[in-house]
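Peer 1: any chance you could fold what I've pasted below:
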Amino acid sequence: MANPTAAYPPMVDTTPVTAAHFNVAMQIVYAYIRKRHDNITASTRSFQQQGISTQMELMNLRRDLAELIFQLQRRLEHLEAGMEALSGRTARPRDDGLVGHFGQDGEGVKDEGVKDEGVKDEGVKDEGVKDESGEKKVKKEPFEQ
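Peer 2: Modelled structure (predicted):
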């Protein structure tokens, strides 16, 4: 039986490498690197432009939101002033500068607010470690952050 690998060329290229081969290979590698660099640069610019446009859009949205809040506050003041005129009562000023609210019967609604009593800390009693004689030994360790 004949050798089956004889029909295939050798796996290792035995062509001598010259400076011209090396220059061509380096030009191919350089062209690839340059293309990747250009693609990355273009993507970076695109992302920067998108980021800038997103920041501008966000600033515009914030400005529009502030304007809407201002308009709503003015409308609320006008509405409450109308309610005041209808009820014949004067509205009490509120802390936030807006006109006070009225109840359904025309009486002013009192704003009691929320009383913060804080958190009561009962603490933990440290009994320490007692040795065999019954004396309390307190082991102090530095606080680790």
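
Peer 1: quick one: the helices in the chain?
Peer 2: Using DSSP state H, the helices found in the chain span residues 19-87.

Peer 1: so where is it shaky, pLDDT-wise?
Peer 2: Applying pLDDT under 70 to the chain flags the ranges 1-14, 89-145.

Peer 1: and Ser53, how far from Asn39?
Peer 2: 21 Å (Cβ to Cβ, to the nearest Å). To be clear about C-beta, it is placed using only N, CA and C from the backbone, and glycine gets the same treatment.

Peer 1: for Ile33, same thing?
Peer 2: Counting by Cβ to Cβ - Ile33 and Asn39 are separated by 11 Å.

Peer 1: one more: Gly51?
Peer 2: Taking Cβ to Cβ, one finds Gly51 at 19 Å from Asn39.

Peer 1: and Ala31, by the same measure?
Peer 2: Using Cβ to Cβ, Ala31 is found at 13 Å from Asn39.

Peer 1: what about Leu76, neighbour count?
Peer 2: Residue crowding around Leu76 was assessed by other Cβ atoms under 10 Å; the count is 13.
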